[in-house]
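Asks: what would the 3D arrangement of this be:
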Amino acid sequence: MGCGHTRPNWLVFGKNVLKRHLGAHERQKLMCAGTTDGATDTKISGDTLIRELIASNTVLLPIPLDPHGRWGPMFENFLFHNPPKERLEFLDGRPNAARMYSMATNHPWPLGTVPTVGVCWKTNKTRKFFGHSYTAPTPKQHILQQLGLVVTKSYALLMRNAYGKVDNRPTTAQQATPPQPSPGPPGITHPHSPTHHAGALV
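Replies: I've put the predicted structure just below:
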């Protein structure tokens, strides 16, 4: 007999937590801290940057990625027209971030681009396989494959650069031992050698 309790769906719970986490990074990008002009040393606030993008009718679409290559709700909506279940909220002092979020998640900004491309291609096929291969016969499969390659290569570069930084760090023994001067040609002492004197070679 059952105890009357339902088991929680941890998979759904984990996906919801992940989406909220990626959404928080989307909000962080829309509420950027700003920058400083290197030529004039003028500070530009993040809200001013977003306002200038809105004035030029340009949409900022953040694409955060988790360690498994999954992207955020905004990019998902752009690709497949799956609106976020939880709308992002912004501080009262960042009105342009909220306006940019509304622009990026509503018409006339393109939504569901992948299904739209698929419908257009099926009505006027120019070749049998969209991706020039039976492994990518439709626009959706081709786009997902290309996005997978982009994410994989990006992570590979990050790991390579991170390993280079860690591998090149001096060890404790290297830090404690001062560098030894390299020997010079015969008859000439090194400038840092104790037998070197200004104006004379000993």
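Asks: center of the protein, which residue is that?
Replies: In the chain, the centroid-proximal residue (C-alpha atoms, centre = their mean) is residue 64; its distance is 5.2 Å.
Asks: so that residue touches residue 29, yeah?
Replies: Yes. Applying C-beta atoms under 8 Å as the test, residue 64 and residue 29 come out as touching, 7.3 Å apart. Just so you know, the C-beta spots here come from the backbone N, C-alpha and C atoms, and that holds for glycine as well.
Asks: re earlier: how would you label the residue nearest to the residue nearest to the centre of the chain when sequence neighbours are not counted: helix, strand or coil?
Replies: In space, and not counting its chain neighbours, residue 64 is closest to residue 25: 3.8 Å by C-beta to C-beta, 6 or more residues apart in numbering. Put simply, residue 25 is helix when judged by DSSP: H, G, I helix; E, B strand; the rest coil.
Asks: what about residue 25, distance to residue 18?
Replies: From residue 25 over to residue 18 the distance is 11 Å, taken as C-beta to C-beta, to the nearest Å.
Asks: ok, residue 12 - contacts?
Replies: Contact partners of residue 12, counting by C-beta atoms under 8 Å, 6 or more residues apart in numbering, are absent.
Asks: again, but for residue 77
Replies: In this structure, residue 77 makes contact with 83, 84, 105, 111, 112, judged by C-beta under 8 Å, 6+ apart.
Asks: over to residue 69?
Replies: 148, 151, 152, 155.
Asks: and for residue 85?
Replies: Residue 85 touches residue 19, counting by C-beta under 8 Å, 6+ apart.
Asks: then the one 3 residues further on?
Replies: With C-beta under 8 Å, 6+ apart as the criterion, the residues that contact residue 88 are 23, 26, 27, 30, 101.
Asks: in what helix or strand does it lie?
Replies: Here residue 88, judged by DSSP states H and E, is contained in no helix and no strand.
Asks: nearest residue to residue 152 other than its sequence neighbours?
Replies: Once flanking residues are discounted, residue 152 sits nearest to residue 69: 7.5 Å by C-beta to C-beta, 6+ apart.
Asks: where does that neighbour fall, phi/psi-wise?
Replies: With angles defined as degrees, to the nearest 10, residue 69 sits at phi 90, psi 10.
Asks: the one 10 residues further on too?
Replies: With angles defined as degrees, to the nearest 10, residue 79 shows backbone torsions of phi -80, psi -50.
Asks: numbering from 24 from now on, please.
Replies: Sounds good: first residue 24 from here, last item residue 102.
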